[in-house]
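Participant: show me how the following folds:
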Amino acid sequence: MKPVTSLLRIGVLAAALAAAYAGGITHAAAQEAIVQPNANLTVEGIPPITESLARRVALYNDFRPRSVVDWHPTKREMLVAVRTKGPTVQLHMLRAPGGELEQITDFPDPVRGGLFEPKDGGFIVFEKDEGGSEASQIYRMDLDTRKVTLLTDPKEKHGLGKWNHAGTHVVMSSTQLDKTAGPERRREVTTDVSVLDPRNPESIRKVVSLPGGGWGDFNWSPDDKTLLAMNYKSANETQVWLIDVATGERKQLLPTAERAGQQIAYKNLEFSRDGKSIFVTTDADDEFQQLVKVDLATMKQTVLSKNIRWDVAYIEPSEHSDTIAAIVNNDGLMELHLFDGATGRALKRPKLPKGAVKGLEWRNADELAVNISSSQSPGEVYSLNIKTGKIEQWTRPQAEIDTSKFSDTQVVRWKSFDQRTISGLLTKPPAGKFKGKRPVMILAHGGPEGQSTIGFHGRYNYLINELGIVLIEPNVRGSTGYGKTFLKLDNGFLREDSVKDVGALLDWIARQPDLDAKRVMIMGGSYGGYMSLAVSTHYSDRIVGAIDVVGISNFITFLERTESYRRDLRRVEYGDERDPKMHEFLTRISPLNNAEKIKKPLLVVQGKNDPRVPLFEAEQIVARVRKVGTPVWYLMADNEGHGFQRKPNADYYFYSVVRFAEEYLLK
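Facilitator: The predicted structure follows:
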């Protein structure tokens, strides 16, 4: 009897031969060993992936960015999130700069965040979902035994907040899940805010039930009696509230009464150390998010970042001093800035290694941990002593490929149909490695209130460095980072103006002497998936193919089926499908209803458990475009959600992207 592995190989080769004859693949390719998709993947229309392709891509499929999660409360040690042994990102202990990473969580699903118990660090609390469902649960892990205890009700979606200053309770939010599909879904959505002692799972006490699903950013006052809370209405409008922890009573703090009716976005809520003020970022009096100190007694607002003409994207005040660390989004590059919260002065900027800064964690009054990535680094953790300027690298690069020669990214700009300037990020292959005009991959970001920012390109570096493809990441109107006016330019009936920005990019590409306008492909995830489909309907004659990853194909069915806690927030951005005029507009522009215009090959990628853009969006566009007669490749993972998180799935997904690019972009 032949070994099982041999039988499997024979079966795989037989399937490959059949597909080869059906698809016109060469005899030589058919003889190659084939990579079999794992049992969780549904593969339709995708030609066999050869092992030689997998070997070529392998080194680019194994970058492992590291990010700081939390400092130990009594030791100079930290939690770090990274994928080491298993298929997903997990939490690790790092006990010294340059030390070995000790994995402490081990689940099929990723764990990217967590908190040490703040007194002696004897346990951690963390959240995770299953299969990409985003129905996160909160757990406690005792570090001496590694015992894991579930702390929450699996019938609800939970969000883990911060420890109070006494170190006795964490704040958490909960939202009921609604599995009913279509317009019959539950209309009323509430967010419950509770406090929990993780040592005692039975201790959960609900503080208040809040209307809607847009509540978050809960932060404790220094005396632990009050919570700051943000109510997210849209990307352009948020409110700031105070909640009494004992009684659940709440009052709106910002915007103030005289500003009611204005669209103002407040973000990054934090109490000052003395509790007499709060720090927020806001665009109340500016196009950009400015760092503001609000005196709670007088409501006087003082701008700390008045000399910065970009968004202050994130802040982290120290609990041990008046220093505030802030990340500024400077034209797509995330930079570290420091401010004195007491005096309102901007402090001297520290010198850090080249790259983009993310993730800020204070250890004490002087030491700050940061994550830094660049075109040449997937992401490492550093500590900065703001008093001495000393910088230490805590994590060590583990890539098996030399990334130091990877090309830098540059900002480019072009004029759109209405003469508005649109910008994007351009990354070219290494100079001198390839001859002739280069093909282009347009990579559209999600959101739509997202932004392509400067950093590491991960797997896409294979396309750039080995296939000679130029990567362009447009920040079309509606993107974050370019002011509140720009952010609103794609709302509602203006939706397709952002698609026209990509049309203008195609014009710009045609004017570049080193770019090949006859070989352009577009891909994107989530809203970027919609952009790929929309460009395919508007500019099919100017692209060679499109890749849609978890994208919206029909705005009506999307709004009816997206999870209920997200629906009202999405209606503000896309339009309310219950309004007859908006319903007609969204129906008319949806790619599904224009599928006959999609004449170039399409690759569709989807997670079965996606709560944001449900599986139905992929299934219907695949069926409709195939009916038109256009080639469609389809990849679905039944253990993923809004994007692929497990390495075996992500690897096969990227093999498919490379195969698609080689078939339609490079020829």
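
Participant: contacts for the host helix or strand of Leu291?
Facilitator: Take DSSP states H and E as the rule and Leu291 turns out to sit in strand 290-295. By CB atoms under 8 Å, 6 or more residues apart in numbering, the residues outside strand 290-295 that reach it are 253-254, 272, 276-284, 300-306, 308, 312, 315, 324, 326, 339, 341, 344. All C-beta spots, glycine's among them, are computed from the backbone N, C-alpha and C.

Participant: let me see the ranges of the strands in the stretch 351-500 of the chain.
Facilitator: Remark: strands assigned in the stretch 351-500 of the chain by DSSP state E, counting those that start in this stretch are 356-362, 367-374, 377-385, 391-393, 409-415, 421-427, 438-444, 470-475.

Participant: break down this protein into its helices, ranges please.
Facilitator: Taking DSSP state H as the test, the helices found in the chain are 4-23, 27-31, 51-57, 460-465, 484-487, 495-511, 527-538, 555-561, 564-574, 580-589, 615-628, 647-664.

Participant: next, count neighbours for Asp514.
Facilitator: 10 (other CB atoms under 10 Å).

Participant: residues contacting it?
Facilitator: Going by CB under 8 Å, 6+ apart, Asp514 touches 428, 437-438.

Participant: related to what we said a few turns ago, between the helices of the chain, which one is closest to Ile124.
Facilitator: helix 647-664 (23.6 Å; CB to CB).

Participant: give me the buried positions along the closest one.
Facilitator: 647-661, 663-664 (16 or more other CB atoms under 10 Å).

Participant: repeat for stretch 239-258
Facilitator: 239-243, 245, 250, 253-255.

Participant: wait, which of these is closest to Val476?
Facilitator: Nearest to Val476 among those, with distances taken as CB to CB, is Gln239, at 27.9 Å.

Participant: beta partners of the closest residue to Glu44 other than its chain neighbours?
Facilitator: Distance criterion CB to CB, 6 or more residues apart in numbering; nearest residue to Glu44, sequence neighbours excluded, is Tyr634 at 4.2 Å. Note on Tyr634: beta-bridge partners Glu44, Val604, judged by DSSP bridges.

Participant: tell me how many other residues crowd Tyr634.
Facilitator: Tyr634 has 23 nearby residues by other CB under 10 Å.

Participant: for it, which residues are in contact?
Facilitator: Tyr634 neighbours (CB under 8 Å, 6+ apart): 42-46, 603-604, 606, 618, 622.

Participant: equivalent analysis for Ser479, please.
Facilitator: Taking CB under 8 Å, 6+ apart as the contact definition, Ser479 lies against 445, 447-452, 486-487.

Participant: need these in TSV (columns: neighbour count).
Facilitator: Converted to TSV, the contacts of Ser479 look like this (neighbours: other CB atoms under 10 Å):
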residue	neighbour count
His445	24
Gly447	19
Pro448	25
Glu449	18
Gly450	19
Gln451	19
Ser452	23
Phe486	19
Leu487	23
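
Participant: how much space between the residue nearest to Leu101 when sequence neighbours are not counted and Trp163?
Facilitator: Closest residue in space to Leu101, ignoring its immediate chain neighbours: His92 at 4.2 Å, by CB to CB, 6+ apart. Distance of His92 to Trp163, computed by CB to CB, to the nearest Å: 21 Å.

Participant: surely Ile469 and Leu665 touch.
Facilitator: Yes - counting by CB atoms under 8 Å, Ile469 touches Leu665, with 6.9 Å between them.

Participant: settle it for me: which of the two has more neighbours?
Facilitator: Per other CB under 10 Å, whichever of Ile469 and Leu665 has more neighbours is Ile469, with 24 against 21.

Participant: excluding chain neighbours, what is closest to that one?
Facilitator: Leu463 (4.4 Å).

Participant: before we move on, what about Ser374?
Facilitator: Gly355 (3.4 Å).

Participant: just Gly161 next, same as before
Facilitator: Counting by CB to CB, 6+ apart, Val171 is the residue found nearest to Gly161 once chain neighbours are left out, at 3.7 Å.

Participant: and for that neighbour, the neighbour number?
Facilitator: Using other CB under 10 Å: Val171 sits among 22 other residues.

Participant: ok, back up a step: mind putting the buried residues of stretch 239-258 in CSV, distance to Glu473 and pLDDT included?
Facilitator: As requested, the buried residues of stretch 239-258 are exported to CSV (distance: CB to CB, whole Å; pLDDT from 0 to 100):
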residue, distance to Glu473, pLDDT
Gln239, 32, 94
Val240, 33, 96
Trp241, 36, 97
Leu242, 40, 97
Ile243, 39, 98
Val245, 43, 98
Arg250, 41, 96
Leu253, 37, 94
Leu254, 34, 92
Pro255, 34, 87
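
Participant: now do the contacts for Pro73.
Facilitator: Contacts of Pro73 by CB under 8 Å, 6+ apart are 116-121.

Participant: show the model's pLDDT score for the residue nearest to Ser374.
Facilitator: Here the pLDDT value assigned to Gly355 is 96.

Participant: ok, it touching Pro378?
Facilitator: No - Gly355 lies out of contact with Pro378 (CB under 8 Å); the separation is 10.4 Å.

Participant: care to break this structure down by domain?
Facilitator: 32-61+405-664, 214-312 (automatic domain parsing).
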